[in-house]
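A.B. asks: how would this look folded up:
(2 chains)
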Amino acid sequence: MKTSLADIFAQHSVWRGGALVPGPGPTVPTGFAALDRELPGAGWPCGALTEILGQREGVGELQLVLPALATLSMSGRRVVWLAPPHLPYAPALAAAGVNLEHLSVVRAPGRRDGLWAAEQVLRGGGCHALLAWFHDIRYAELRRLAVAAEAGQGAFVALFRPAQAAREASPACLRIAFEPAPEGLAIRILKRRGALLAKPLGIKIERPIHAVAGNPFSTSCARGPVARPCPA
Amino acid sequence: MIACDPQAEALGVRPGMGLTAAWAFAPQLCVWPYKRAAERAALEGVAAWMCRFTPRVSLEPPQGVLAEIEGSLRLFRGTAALLERVRSGADQMGFTATLAVAPTARSAWWFASAGREALILDHAGLETALAALPVAVACDGSDVPGLLRKIGVTTIGELRGLPRDGLARRFGQALLDRLAQALGNAPEPRDFFVPPPRFAAQLELPGEVAHAEGVLFAARRLLVQLEGLLAARQAGVRRFLLVLLHRGARPSVLEVGLASPGRETERFVQLLRERLAAHALVEPVEAIRVEARDFVPLHGRTADLFSGTQSESESWARLVERLGARLGGGAVHGLGLRSEHRPERAWRPLAPGERPPPAGAGTAARPLWLVEPPRKLRERSGVPHDDGPLELLAGPERIESGWWDGGEVARDYFIARAPSAALLWVYRERGTAGAWYLHGVFA
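C.D. replies: As a prediction, this is how the structure comes out:
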C-alpha cells in the first residue's frame, strides 16, 4: 500500500517543526492581525487554557482580550470575569463594544473558592469565555482546570498570572507574556502548538490619551492649589 | 410502648407493653416519648408527597394514607410502576410502607393495617382475600374482637357468615356498615387532604450530628417531602430555609436561594451541600427543620422544540445558583450602566438574570479597571506618587456633582503615567488641600 507524504501530513499525525498545528477546538479571532498570524487556528484557542503573563497592570493587558470578548458577547455568548483584581468598569466596557447583558462578574475572595468557582464555570456550561485572575496556582490545579476546560463546551479561558509564572511548567496550550512597548504591547509567545517564536511581537494598542489629548504636558498645571485647565 | 426495634423485640419487649414491664425485660432500653403532633405532621408530609400521584388523597390517622390511583395509572404507566415509585419515595423519606391496592378504600386500608401487602384489582378477588383477614382490622380498635374471639370468630370470612341482624344487635350497625363499605356495597365518603400552601417539617436526628454530610442526609428526607408537596400544588419555590436546632444554643438558620423557581430534590440537595460547606457547624445538631413558603406557580416541563439556547441559559442559571450558595448572595453579578457623572455611580451591579437598561455610551475616556474605593496617593512637592512620580498626560476633566443626594464630589480627573508605563486615572479633590487619589487603571 502506498501512502503519499501529503496524506500523512493531512492527518496531523506527524508534527513538522515550524508549522502551526491547529488545536482540536475552534478559535476566537483576537482582533489583532499580527497576533492572529502567529496563533494556531488564527485566534484564541477554545476548550483549552490560555495564560497571559505580565508584571504590571495598566499597560493595556485587558485590551488584548477585549476584541474577542466584544465579538463573543455581541453574538450572545456569556463572558465571566472571575476574581478580578479591580472592578471591571461598565462604561469603559460598553465603550469598547462589549455587550454588558452577557457579562458576569464572580467574586471569590479565597483562593480555594476561586479554583472551585473556575471549575464549576467550566464544567457547568452556559459560559463561553472565562477570564480568571490567580496569583498563585499549582501545576496540579492548572491541570485540573485544563481538563475541565476540555470537558466543557469549548470556552475561551484566559488566566492572568504574574510574570514569574513563566518559569513554571504549565499545561496551558498557549502562554503569552506581555511587556509595555512604545506602540502598545510587546508580546512574547512562550508556548504554542507549533514552533517557538523567537522575537517579540509588537501589538498596537489603543490608549486613552490618543483619544483625549495630544501631547503630554508637564505636571506644573496641576501643581497649584486649584488645578487650571490645560491647553489640550 | 408504641413500637420497638428488633433488638428490643429479641429481649422480649413487645408493643403495647407498659414501660415498667418493658424495663423488666430490657433494663438498658432507651425510651423516646411518643409525640402525637410529630406523628401527625409526618403523616401529613407523606400525604402531601402522595398528592403528586393523585389529587384524591385522604388521611387515615395515625399511620395510614389512602390514595385513589385508578385515574393515575395511565400517567404513571401501570400499577407496578406506580407502586415502585411510591415505595422508593417512602424509602427516601425514611419510612417503611406497607402498600395495599384494592377496589375500595376501606378494604385497602384493612389489608395495609393488617400488615399484608395486597394487589387486588377486581371485586371477585376482593371477597376471597378479605375473608382471610383477621377480624380486628374491621373493628377500629374497640373491644369487639375480644368478644368475637370468645364466640370463635377470628377472620372477616367467619364474621360474614354470622347472621346480619344478630350481628347488628350485638356489635352495632357501624360494624356492618364498614363491612359493606369494604366490599364496595355501600359508598364511603371521605375527606380529601388538601396540601397546604407552605411547608414546614421537622426531623429529630437519631443522635447528635456534628458534620455537614449527616445533616444533608437527613435534610434530603424532608426535601423529598417538599418536592412532593410542590408537585401536588404545581408550584415551585425561590428559596427555602434549613433550621438547625442545637441543644442549648440558638438555632442556626441557613437560607438557600434558587435562581429560578424549582422543586427538584436533587437541585435542592446540591445547593444545600454548597451552602453547608460554607457554614461551619459550631454546635452538634439535634434536629433539623425545613421551611418553605411563597410558592410560585410552576408547571411541569414540556419538551421545547428549540431547546438549544433554552438549556444553555438554564445551565447558566443553575451555575449562578451553585456559585451563590457557596460564595454568598452577591458574589455573582452583572454590570449595568447608569446615566451619572460620578464615576463610582455610573455603573451598578445587576442581579443575575436582570437585563441591563440601555444607556448612551459616554465619549470621555474611562479606565477598564475602577479602583474601589479610590486609593489615596502620596504627594511630594505637588506631584502625586505611586511607586514613583506620576506624569500627568491629559486632563483635567472636572466632575462636580451630587450636592443634592449627599454624595457630593468635586474632583479634577487626570490620566497619568507611572514610571512603569502604566496609565492610571487619578483625581485631585477640589479645594485648598486637595489630596490625590487613584481611581482607575487603563488596563
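A.B. asks: so which residue of the stretch 251-400 of chain B comes closest to chain A?
C.D. replies: B:Trp316 (3.0 Å; Cβ to the nearest Cβ). (C-beta placed from N, C-alpha, C; glycine too.)
A.B. asks: Show me where the chain has its helices.
C.D. replies: With no chain named, the answer covers chain A. A:5-10, A:33-38, A:61-74, A:90-95, A:111-124, A:139-151, A:208-212 (DSSP state H).
A.B. asks: should've been chain B
C.D. replies: Using DSSP H, helices in chain B cover B:6-10, B:19-25, B:36-50, B:78-92, B:105-113, B:123-131, B:144-150, B:156-161, B:164-171, B:173-183, B:212-232, B:265-277, B:307-327.
A.B. asks: Give the buried residues for the second one.
C.D. replies: Going back to what we said before, that points to helix B:19-25. B:Ala22 (16 or more other Cβ atoms under 10 Å in any protein chain shown).
A.B. asks: Could I get the average pLDDT for that helix?
C.D. replies: The pLDDT scores in helix B:19-25 average 84.
A.B. asks: The residue of the stretch 251-400 of chain B closest to chain A and B:Glu286, how far apart?
C.D. replies: 38 Å (Cβ to Cβ, to the nearest Å).
A.B. asks: mind listing what's buried in the lengthiest strand in chain B?
C.D. replies: Counting residues, the longest strand found in chain B (DSSP state E) is strand B:249-262. For strand B:249-262, the neighbour count (16+ other Cβ under 10 Å) marks B:252, B:254, B:256, B:258-262 as buried.
A.B. asks: so where's chain A uncertain?
C.D. replies: Regions of chain A meeting the criterion pLDDT under 70 cover residues A:1-2, A:9, A:11-24, A:210-232.
A.B. asks: Between B:Trp316 and B:Glu286, which is the more surrounded one?
C.D. replies: B:Trp316 (22 against 17; other Cβ atoms under 10 Å in any protein chain shown).
A.B. asks: The more buried one - nearest residue in space that isn't next to it in sequence?
C.D. replies: Excluding its sequence neighbours, the residue lying closest to B:Trp316 (Cβ to Cβ, 6 or more residues apart in numbering or on different chains) is A:Gly126, at 3.0 Å.
A.B. asks: got it, and A:Leu197?
C.D. replies: A:Ile189 (4.6 Å).
A.B. asks: same question, B:Ser260
C.D. replies: B:Ala317 (5.3 Å).
A.B. asks: just A:Trp116 next, same as before
C.D. replies: Using Cβ to Cβ, 6+ apart, the closest residue to A:Trp116 is B:Arg326 (7.1 Å).
A.B. asks: mind listing what that neighbour touches?
C.D. replies: Shown in contact with B:Arg326 (Cβ atoms under 8 Å, 6 or more residues apart in numbering or on different chains): A:113, A:116-117, B:274-275, B:277-278.
A.B. asks: List only those of those flagged as buried.
C.D. replies: A:113, A:116-117, B:274-275.
A.B. asks: now, among those residues, which is nearest to A:Ala70?
C.D. replies: Ranked by distance to A:Ala70 (Cβ to Cβ), these are led by A:Ala117 at 23.9 Å.
A.B. asks: Count the residues that sit near the closest residue in space to the closest one that isn't next to it in sequence.
C.D. replies: In space, and not counting its chain neighbours, A:Ala117 is closest to A:Ala108: 4.7 Å by Cβ to Cβ, 6+ apart. A:Ala108 sits with 22 neighbouring residues when counted by other Cβ under 10 Å.
A.B. asks: So A:Ala108 sits against B:Ala331, correct?
C.D. replies: Yes: with contacts counted by Cβ atoms under 8 Å, A:Ala108 reaches B:Ala331, the gap being 6.9 Å.
A.B. asks: what lines up beside the longest strand of chain B in the sheet?
C.D. replies: Strand B:249-262 has the following strand partners under DSSP bridges: strand B:235-246 (antiparallel).
A.B. asks: thinking B:Ala259 is in contact with B:Pro352, fair?
C.D. replies: Yes: counting by Cβ under 8 Å, B:Ala259 does reach B:Pro352; the two are 6.1 Å apart.
A.B. asks: Any figure for the gap between B:Trp109 and A:Leu35?
C.D. replies: Taken as Cβ to Cβ, the span from B:Trp109 to A:Leu35 is 76 Å.
A.B. asks: from the helices of chain A, which stretch is densest packed?
C.D. replies: Counting by mean count of other Cβ atoms under 10 Å in any protein chain shown, helix A:90-95 has the highest mean neighbour count of the helices of chain A, with a mean of 24.
A.B. asks: so what secondary structure elements neighbour it?
C.D. replies: strand B:332-337 (3 or more Cβ pairs under 8 Å, 6 or more residues apart in numbering or on different chains; DSSP states H and E).
A.B. asks: How about residues contacting the strand it packs on?
C.D. replies: Against strand B:332-337 from outside (Cβ under 8 Å, 6+ apart): A:88, A:90-91, A:93-94, A:100-101, A:103-107, B:320, B:323-324, B:346-352, B:354, B:356-357, B:359, B:361.
A.B. asks: How about stretch B:425-435?
C.D. replies: Contacts for stretch B:425-435 (Cβ under 8 Å, 6+ apart): A:222, A:225-227, B:366-367, B:374, B:376-377, B:379, B:384, B:390, B:392, B:396, B:398-400, B:410-416, B:436-442.
A.B. asks: Would you list the buried entries among those?
C.D. replies: A:222, A:227, B:366-367, B:374, B:377, B:384, B:390, B:392, B:396, B:399, B:410-416, B:436-442.
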